[in-house]
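>>> build me a model:
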Amino acid sequence: MIKKINSIYIVGMGALGLLYGSTILDKNPEIKLKFLMDENRFQKYGDQEVICNGTARTFPAVSSKHAHPVDLILIAVKYNDLADAAELIRPCVGPDTIIMSVLNGISSEEYLGSLYGMEHMIFTVAQGMDAMKFGNQFHYSNMGKLHIGIVTPAQQQNLNSVSTFFDEFQIPYYIEADIRYRIWSKFMLNVGVNQTCMVYGTTYSGVLQKGEANTMMISAMREVIAVGNAEGIALSEKDINQYIEILRTLAPDNLPSMAQDRINQKPSEVEMFAGTVIQLALKHQIYVPVNEYFYDKVQEIESSYKG
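Okay, the predicted model is just below:
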């Protein structure tokens with residue numbers, strides 16, 4: 001029997017959290033969905049108005065002081081906030097709670113699983129969306145798709161529940177036979193497009209045009225292929241070509257998250273991108289000069305932020 005998902009907490013009111021929160025509530029405004037916040041954020045942002053694709057709306061929120069176990073928790077924060085989010089959900093994880101993370105990178109599921117048990121996890125990759133958030137302005141034109149999968153048979157029942165839920169709410173998804181490969185493939189893309197757009201101050205269309213930015217993006221992705229292969233992940237040039245085609249489907253003037261961070265003058269996820277590549281390269285004695293350049297350049301950019 002498939003357990004029905006009736007209650008949901010979303011942690012993170014950024015672009016992805018709002019994308020999925022608004023989509024679910026649009027389909028069923030009565031569903032028990034709330035954005036989970038610590039008490040300070042709840043007092044500051046709990047009733048904040050957000051302009052979603054031009055329409056003003058507010059979203060239901062709850063302080064962690066009043067939280068309780070739910071059927072599904074969606075973690076949609078930045079990498080730098082993962083540890084705090086993991087602690088925030090502690091009173092919300094019951095015996096049957098499903099946890100999904102739409103964070104970039106290759107490690108959030110393993111980290112959350114180490115705290116709460118891998119049987120709670122559904123491995124997830126958010127792919128193909130072009131959602132952006134600046135201040136209280138949220139916009140997207142392409143919802144993309146959630147790629148989901150499991151790494152142990154103990155997760156199968158939860159996968160059935162999630163896929164049934166996605167069918168009901170018409171959330172695009174795809175069940176991956178090898179979810180670790182998909183996670184690494186998306187990591188390869190993000191290492192290239194996120195860092196390049198931030199460092200060169202450009203958009204999706206800017207990195208797709210022939211020139212220095214495009215060359216650097218492709219080179220950064222090739223370095224991920226090298227370290228991924230050393231880690232036993234069968235990435236190849238074919239994956240670069242496939243993801244370049246995905247980039248062409250996004251709104252050309254939109255920006256990935258790290259480029260948005262530069263505009264908002266917020267700390268980026270460079271440690272998760274170039275930092276991870278550099279660490280794995282040292283482990284396997286692989287030369288990764290482009291990611292080393294991006295790492296240093298992003299540090300330089302962030303040190304120039306006022307305040």
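>>> Val151 against Ile179, yeah?
Yes: counting by CB atoms under 8 Å, Val151 does reach Ile179; the two are 6.7 Å apart. Any C-beta I mention is one placed from the backbone N, CA and C, and that applies to glycine too.
>>> so between those two, which is more surrounded?
More neighbours surround Ile179 than the other of Val151 and Ile179, with 20 against 16 (other CB atoms under 10 Å).
>>> find the nearest non-adjacent residue to the more buried one, please.
Gly149 (2.8 Å; CB to CB, 6 or more residues apart in numbering).
>>> and what of Ser236?
Per CB to CB, 6+ apart, closest to Ser236 is Ile225, 6.6 Å.
>>> now the host helix or strand of that neighbour: average pLDDT?
Element membership of Ile225 [criterion: DSSP states H and E] is helix 212-230. The pLDDT scores in helix 212-230 average 98.
>>> one more: stretch 152-160?
Rounded mean pLDDT across stretch 152-160 is 95.
>>> and for that stretch, what are the contacting residues?
With CB atoms under 8 Å, 6 or more residues apart in numbering as the test, stretch 152-160 has contacts from 2-3, 98, 118-122, 148-150, 175.
>>> take the residues you listed and keep only those in strands.
98, 121-122, 148-149, 175 (DSSP state E).
>>> are any of the residues you listed buried, and which?
Among the ones in strands among the contacts of stretch 152-160, those scoring as buried are 98, 121-122, 148-149 (criterion: 16 or more other CB atoms under 10 Å).
>>> okay, now the nearest residue to Arg248 once chain neighbours are set aside: neighbour count?
With CB to CB, 6+ apart as the criterion, Arg248 has its nearest non-adjacent residue at 6.6 Å, and that residue is Leu208. By the measure other CB under 10 Å, the count of residues near Leu208 is 18.
>>> so Leu208 makes contact with Tyr243?
No: contact criterion CB under 8 Å: Leu208 and Tyr243 do not qualify, at 11.3 Å.
>>> pretty sure the residue nearest to Ser236 contacts Tyr243?
No: the pair Ile225 and Tyr243 fails to qualify as a contact (CB under 8 Å) at a distance of 11.5 Å.
>>> shared neighbours, these two?
Both Ile225 and Tyr243 are contacted by Met188, under the criterion CB under 8 Å, 6+ apart.
>>> in the stretch 201-307 of the chain, where is pLDDT below threshold?
307 (pLDDT under 70).
>>> let me know the closest of the ones in strands among the contacts of stretch 152-160 to Glu49.
Ile98 (30.0 Å; CB to CB).
>>> roughly how far apart are the residue nearest to Ser236 and His284?
12 Å (CB to CB, to the nearest Å).
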